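sequence plus the predicted model coming up.
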Amino acid sequence: MKGILLTKEDIKFPTIAFKGYKTNRVYLADEITNLNISILGDHNLIWIEENVKIQGKLNISIKGDHNTVIIKKETFIHRNLNLLILPGGLGTLANNCKIIVREKNFFNGDVQLFCGEENTSISINEECLFANNIKLITTDNHSIFDITTKQRINNAGNISIGKHCWICDDVTILNHSFIGNNCVVGTKSLVTSFAKSTPPPRKLHYSWNTSKNCKKRHIMG
């Protein structure tokens, strides 16, 4: 198989389930094993380029409309990579979301990328290394409202990771987080934001030491 575009009408792969309409599409540049896909919704696109290597499992689950998942060439999945676009809480929708994994990323352990509210995205740039037990989440999975204004104060937000980053074990990256190029995120870090409107300094090392209850942020160049 080379460069096949699958739709609900011609799907022949038992590990790919279309539960929505005929407008969902899955493009596979190469024959891929250890792949599980579930789509419930309309106008969704999954695009997997050539030379994506899966030693473990790639699981993609979408429940919503007009969503996109793209995995660029030469990505390597050693254990389990879970890409989820699902409603993250009561009354939420998971429409118009994007998960984009660019070229030459290496997922060594169990990694979860979760878009849980509409119009949110997770973007991972080239040549990043992900260790084990890592979660990227664009939603809090619940709403918090200001008692006076009645406005929601914990809106969902995008996650962006720059080029050449190393995300160590047991890291959680929450919504509205931006990690610049050439960064290391230390073991057991909880990332909430590096910058709201402008990229942070390059070569930033960020870690959270729970035993000493102190946060460290070091510029490395």
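In hand now; what should we look at? All values reported here derive from a predicted model rather than from experimental measurement.

ok, and what's touching the host helix or strand of residue 62?
Following DSSP states H and E, the helix or strand that holds residue 62 is strand 57-63. Contact partners of strand 57-63, identified using CB atoms under 8 Å, 6 or more residues apart in numbering, comprise 32, 34-41, 44, 46, 52, 69, 71, 77, 79-87, 94. C-beta here means a position set from N, CA and C on the backbone, and glycine is covered the same way.

repeat that for 6 Å
By CB atoms under 6 Å, 6 or more residues apart in numbering, the surrounding residues in contact with strand 57-63 are 34-40, 44, 46, 69, 77, 80-86, 94.

show me which of these are buried.
Buried by 16 or more other CB atoms under 10 Å: 35, 37-40, 44, 46, 69, 77, 80-86, 94, out of those.

in stretch 144-157, what counts as buried?
Residues of stretch 144-157 classed as buried: 156-157 (neighbour count, 16+ other CB under 10 Å).

now do the contacts for residue 70.
Residue 70 touches 47, 100, counting by CB under 6 Å, 6+ apart.

ok, what's across the strand from it?
According to DSSP bridges, the partner residues bridging residue 70 are residue 47, residue 100.

tell me the spacing between the spatially most central residue of the chain and residue 173.
Most central in the chain under CA atoms, centre = their mean is residue 113, positioned 3.1 Å from the mean C-alpha point. Using CB to CB, to the nearest Å, one obtains 9 Å as the distance from residue 113 to residue 173.

what is in contact with those two at once?
What both residue 113 and residue 173 touch, as defined by CB under 6 Å, 6+ apart, is the set residue 136.

for burial, what's the neighbour tally of residue 100?
When neighbours are counted by other CB atoms under 10 Å, residue 100 registers 17.

check the one 10 residues further on too.
For residue 110, the neighbour count with other CB under 10 Å is 18.

picking up where we left off before, quick one: which of the buried ones among the contacts of strand 57-63 sit in strands?
Judged by DSSP state E, the buried ones among the contacts of strand 57-63 include 35, 37-40, 46, 69, 77, 80-85 as members of strands.

which members of those define the maximum pairwise distance?
40 and 77 (23.4 Å; CB to CB).

related to what we said a few turns ago, now for the residue nearest to the centre of the chain: which residues touch it?
Residue 113 makes contact with 83, 99, 122, 136, according to CB under 6 Å, 6+ apart.

three-state assignment of the last one?
Assigned by DSSP: H, G, I helix; E, B strand; the rest coil, the conformation of residue 136 is strand.

how much space is there between it and residue 30?
The gap separating residue 136 from residue 30 is 25 Å, by CB to CB.

between the two, tell me which one has more neighbours.
residue 136 (24 against 15).

surely the more buried one is in contact with residue 122?
Yes: contact status for residue 136 versus residue 122: in contact at 5.4 Å, counting by CB atoms under 6 Å.

quick one: common contacting residues for those two?
Common neighbours of residue 136 and residue 122 (CB under 6 Å, 6+ apart) are 113, 159.

and for the nearest residue to residue 188 once chain neighbours are set aside, the neighbour number?
Leaving aside its sequence neighbours, residue 188 sits nearest to residue 170 (CB to CB, 6 or more residues apart in numbering; 4.6 Å). By the criterion of other CB under 10 Å, residue 170 has 15 neighbours.
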